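Participant: Structure, please.
(chains A and B)
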Amino acid sequence: MEKVKVAILGSGNIGTDLMYKLLKAPGLMELVALVGIDPGSEGLARARALGLEASAEGIDYILARPEIRLVFDATSAKAHVRHAKLLKEAGKIAIDLTPAARGPYVVPPVNLGAHLDAFNVNLITCGGQATIPLVYAVHRVVPVRYAEMVSTVASRSAGPGTRQNIDEFTFTTARGLEAIGGARLGKAIIILNPADPPILMTNTVRAIPSEEEFDREAVVASVRRMEAEVQAYVPGYRLKADPVFERLPTPWGERTVVSMLLEVEGAGDYLPRYAGNLDIMTASARRVGELFAQKLLGVAA
Amino acid sequence: MSWNLENAKPPVVVDTTLRDGSHAHRHQYTREEVRAIAQALDEGGVYALEVSHGDGLGGSSIQYGFSWVSEMELIAEARAAVKRAKVAALLLPGIGTRKELKEAVEAGIQMVRIATQCTEADISEQHFGMAKEMGLEAVGFLMMSHMRPPGFLAEQARLMESYGADVVYIVDSAGAMLPEDAYRRVRALKEALSRARVGFHAHNNLGLAIGNTLAALAAGADWVDGTLRGYGAGAGNAATEVLAAVLDRLGLAGELAVFRLLETAENVLRPIQHFQPFPDRDAIAIGYAGVYSTFLLHAKRIGVELGVDPLEILLELGRRQAVAGQEDWILRVALELKEKQAVALE
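Facilitator: Residues are numbered from 1 along each chain as shown, chains lettered A, B, ... in the order given. The predicted model follows:
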């Protein structure tokens, strides 16, 4: 069967984990290369050992190969700004795993198919991939006035990219809560926890509905349904409990707050299981890539 | 450890009633309250006063509690009220961003205190960079410093210094340190830093806020923090007016107007306090278990709502090594404890 040739740009933790996912479950994609800029990187060595092309030439390697039609960019926001332009000029589709946000946001269970005509789609942030589906799950029952997410990740799972650009994480995630989650106002908080042994990624999502009267059972059912939809591609995605409803003081008076306690355990493809934050990013990327591949091949979903 | 304070110099004293006290005040400060407190502290001779949401710029949220009045308005109010004291704000990267920092500068701050968990100093580089670009005095806060040994903290402090910090604080966010812990940590920073000065911020959960501050001074601390009547998170902080009286007895009061501060504590702050922070059962548990002091009021509220003992919640959070800002884990732990109770009853 014909497959779409894809490459991964960025040979760090995320790129390497995505490589294992694409090899384990390639679907309609054929991973041909892992491309980095550091010849000594562990990711490239692993790719080579697995029989893949491994290059340290960066974007130039990909631009020189017309057969590569789809590129996963797991470098950095700064690098992606440059890559986005070059890939578009070369007619290649880019799935952006950095917070550069050049293309429209995509969160698989919410708007997976909405931007298949775009040359560049952005996966927001790991926290966004984890929490936006839950905000949307509330929003499809009752409009959300305000949504807030607190993401706590193990220190060891936060690489230098996240550490040096922590503001970009909060900006981009908050915008995603609004643009894709449906909240009128979004806020994002990230906390790094150095506990040993490392903690699983935990997210607390809170939503304040616009209306005081709403069907709580419908909210619970919608949120549980969404949990199952995400579990289809991130098996370690689970709510600790049913949503909790609390009355709290807010800038809009005393309101009902819907609190959802989530944890994400990684699949352990390459990264350790506690790094659910990285796992959900690569799992979402694979899911989005698969849909683009279907479209490029003219295969029905 | 030497308690010799003979060679100590008068420390720079920063009052944070309008920031750490925001926790105790449930983030409900009004413009009038801020104006009165800022003016009185200015006359009391403190070097700087800190104004912002208790969890720093951008902290107004469900997670930490919403501010009644926008912190930018409160900063502007404080700035207009002072003649000589500097106005500072707190910023926790991951909660606040450079956007709020810029707004705070426009509102009038001259100093920013950038706080990270004591293991995560490398998330503060962007913020120190911006602070120095904007001409601010920049102070680093190593929160929950009781969780790591002195040598480790010295490395983190060196990072902050390399990003541009003028001062780096050992912050006993959990009020968990004993005097020797404070002494050894401050000493390690004094030895490790080449340019930056060293500060100490205390909490009184084990009743040691003033004692630990003295230990820090004996170790060479250049800056120390206080709040009027210890009005801060957990069992509160070193009380600014007590500190002033003690420093005066040591001949280290510097510019502090001791009796003006006593009057301010008694007549300006006391009438508006929601309550008097004190090492009560739950606050002592925070110091004992080494948990973030601001968890206190949230744990009490959630404990009552779910019928779970706040003490049990706090001890469990300590076992899980929860860090600064993880208020959402309180509900998580409380729900688990409630489930366990239910199972035990069946």
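Participant: How about B:T30, nearest residue that isn't a chain neighbour?
Facilitator: Leaving aside its chain neighbours, B:T30 sits nearest to B:V69 (6.1 Å; criterion: CB to CB, 6 or more residues apart in numbering or on different chains). Where you see a C-beta, it was placed from the backbone N, CA and C, and this is true even at glycine.
Participant: Any regions of chain A where pLDDT drops low?
Facilitator: A:301 (pLDDT under 70).
Participant: can you give me the helices for it?
Facilitator: A:13-24, A:42-49, A:59-63, A:77-89, A:108-111, A:126-139, A:160-164, A:166-179, A:216-231, A:276-297 (DSSP state H).
Participant: deepest of the ones you listed, which one?
Facilitator: helix A:126-139 (a mean of 29; mean count of other CB atoms under 10 Å in any protein chain shown).
Participant: list the helices and strands that one packs on?
Facilitator: Packing partners of helix A:126-139 (3 or more CB pairs under 8 Å, 6 or more residues apart in numbering or on different chains; DSSP states H and E): helix A:108-111, strand A:144-154, helix A:166-179, strand A:185-193, strand A:201-209, helix A:216-231, strand A:253-264, helix A:276-297.
Participant: Tell me the residues of chain A that contact chain B?
Facilitator: Neighbours of chain B within chain A, by CB under 8 Å from any CB of the partner chain: A:148, A:150, A:152, A:155, A:160, A:163-167, A:169-171, A:187, A:189-196, A:199, A:202, A:204, A:206, A:208, A:240-241, A:244, A:246, A:248-251, A:257, A:259, A:261.
Participant: cutoff 7 Å now
Facilitator: Residues of chain A found near chain B (CB under 7 Å from any CB of the partner chain) are A:148, A:150, A:152, A:155, A:163-164, A:166-167, A:170-171, A:187, A:189-195, A:204, A:206, A:240-241, A:244, A:248-251, A:257, A:259, A:261.
Participant: Just the buried residues from those residues, in PyMOL please.
Facilitator: In PyMOL, a selection of the buried entries from the residues of chain A next to chain B looks like this (16 or more other CB atoms under 10 Å in any protein chain shown):
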select buried, chain A and resi 148+150+152+155+163+164+166+167+170+171+187+189+190+191+192+193+194+195+204+206+240+244+249+250+257+259+261
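Participant: Strands along the stretch 151-300 of chain B, start to end?
Facilitator: Listed in chain order, the strands of the stretch 151-300 of chain B (DSSP state E, counting those that start in this stretch) span B:167-171, B:197-201, B:223-226.
Participant: Surely B:R35 touches B:E77?
Facilitator: Yes: with contact defined as CB atoms under 7 Å, B:R35 and B:E77 form a contacting pair (5.2 Å).
Participant: Spatially nearest residue to A:F119 (excluding sequence neighbours)?
Facilitator: A:K88 (4.8 Å).
Participant: Can you tell me how far that neighbour is from A:E265?
Facilitator: The gap separating A:K88 from A:E265 is 36 Å, by CB to CB, to the nearest Å.
Participant: repeat for A:E53
Facilitator: 32 Å.
Participant: Neighbour count: these two, which is higher?
Facilitator: A:E265 (18 against 15; other CB atoms under 10 Å in any protein chain shown).
Participant: so who does the nearest residue to that one once chain neighbours are set aside touch?
Facilitator: Nearest non-adjacent residue to A:E265, counting by CB to CB, 6+ apart: A:G236, 3.2 Å away. Listed by CB atoms under 7 Å, 6 or more residues apart in numbering or on different chains, the contact set of A:G236 reads A:264-267, A:276, A:279.
Participant: Most widely separated two among these?
Facilitator: A:V264 and A:A267 (10.3 Å; CB to CB).
Participant: For these two, indicate the residue with more neighbours.
Facilitator: Each of A:V264 and A:A267 has its neighbours counted (other CB under 10 Å); A:V264 has more, 29 against 20.
Participant: OK, contacts around the nearest residue to the more buried one once chain neighbours are set aside?
Facilitator: Once flanking residues are discounted, A:V264 sits nearest to A:G276: 3.1 Å by CB to CB, 6+ apart. A:G276 sits next to A:200-201, A:236, A:264-266 when contact means CB under 7 Å, 6+ apart.
Participant: And for A:R65?
Facilitator: So A:R65 contacts nothing (CB under 7 Å, 6+ apart).
Participant: try the one 10 residues further on
Facilitator: By CB under 7 Å, 6+ apart, the contact set of A:T75 is A:9-10, A:83, A:98.
Participant: Strands - which of these land there?
Facilitator: A:L9 (DSSP state E).
Participant: Could you single out the nearest of the contacts of A:T75 to B:E266?
Facilitator: A:T98 (55.4 Å).
Participant: Burial check on that closest one, number of neighbours?
Facilitator: Using other CB under 10 Å, A:T98 has 27 other residues around it.
Participant: Then A:N122?
Facilitator: That count, for A:N122 with other CB under 10 Å as the rule, works out to 27.
Participant: What's the separation between it and chain B?
Facilitator: Using CB to the nearest CB, to the nearest Å, we find A:N122 at a distance of 19 Å from chain B.
Participant: That residue and A:A101 touch, don't they?
Facilitator: Yes: applying CB under 7 Å, one finds A:N122 in contact with A:A101, separated by 4.8 Å.
Participant: mind listing what A:T172 touches?
Facilitator: Applying CB under 7 Å, 6+ apart, the residues near A:T172 are A:99, A:101, A:124-125, A:128.
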